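# Sequence first, then the predicted structure, then my questions.
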Amino acid sequence: MPDIRLSFPYRLSQDEAGSRVKRLLGDLQDSYGNRIRDLREEWKGNSCSFSFQVSGFRVSGTITTTPKSVDLTGKLPWAAAVFKSQIEDAIRRRAETLLA
């Protein structure tokens, strides 16, 4: 499976950044509920393990909020490998808005 590794610096407090990331995961389900199924998230401190199904494929990863950045690692299904750069660009745009 192709890996995604992204890091997004921010100037918020770590608590505020974490709070915004937590809201984002809920927003994904609300916004894309017709395409995203079985969204799971498990927070342990400042780190979240997540997984969901999209178009029948499982996507999983972790999001970690550090004092200066939000770091995302994830695994895409092979069928999505050709869209990896588009997926990363969409995540970047959303993160920039979220952490502004």
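On my side now, so go ahead.

# May I ask you to name the longest helix in this protein?
If you go by DSSP state H, the chain has its longest helix at helix 14-32.

# Show residues contacting that one.
10, 12, 36, 39, 41, 43, 46, 48, 50, 52, 54, 63, 65-67, 70, 94, 98-99 (C-beta atoms under 8 Å, 6 or more residues apart in numbering). The C-beta positions use only the backbone N, C-alpha and C, and glycine is treated the same way.

# Next, please give the residue ranges for the strands of the protein.
Ranges of strands in the chain, per DSSP state E, are 3-9, 36-44, 47-54, 57-65, 69-75.

# Dump those to CSV, plus mean pLDDT.
Output for these, formatted as CSV (pLDDT from 0 to 100):
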stretch, mean pLDDT
strand 3-9, 94
strand 36-44, 89
strand 47-54, 90
strand 57-65, 92
strand 69-75, 94
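
# out of those strands, nearest to Ala90?
strand 3-9 (11.1 Å; C-beta to C-beta).

# So which elements touch the closest one?
strand 69-75, helix 84-98 (3 or more C-beta pairs under 8 Å, 6 or more residues apart in numbering; DSSP states H and E).

# Pick the most buried one from those.
Most buried of these, by mean neighbour count (mean count of other C-beta atoms under 10 Å): strand 69-75, with a mean of 18.

# Please save the CA atoms from that strand in PDB.
Taking Å, rounded to 0.1, in the frame of the first residue of the first chain, the C-alpha atoms of strand 69-75 are listed here in PDB:
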ATOM      1  CA  SER A  69       2.800  20.600  13.900                       C
ATOM      2  CA  VAL A  70       0.100  18.200  13.000                       C
ATOM      3  CA  ASP A  71       1.700  15.100  11.500                       C
ATOM      4  CA  LEU A  72      -0.300  12.600   9.400                       C
ATOM      5  CA  THR A  73       0.800   9.200   8.200                       C
ATOM      6  CA  GLY A  74      -1.500   6.900   6.300                       C
ATOM      7  CA  LYS A  75      -1.800   4.000   4.000                       C
END
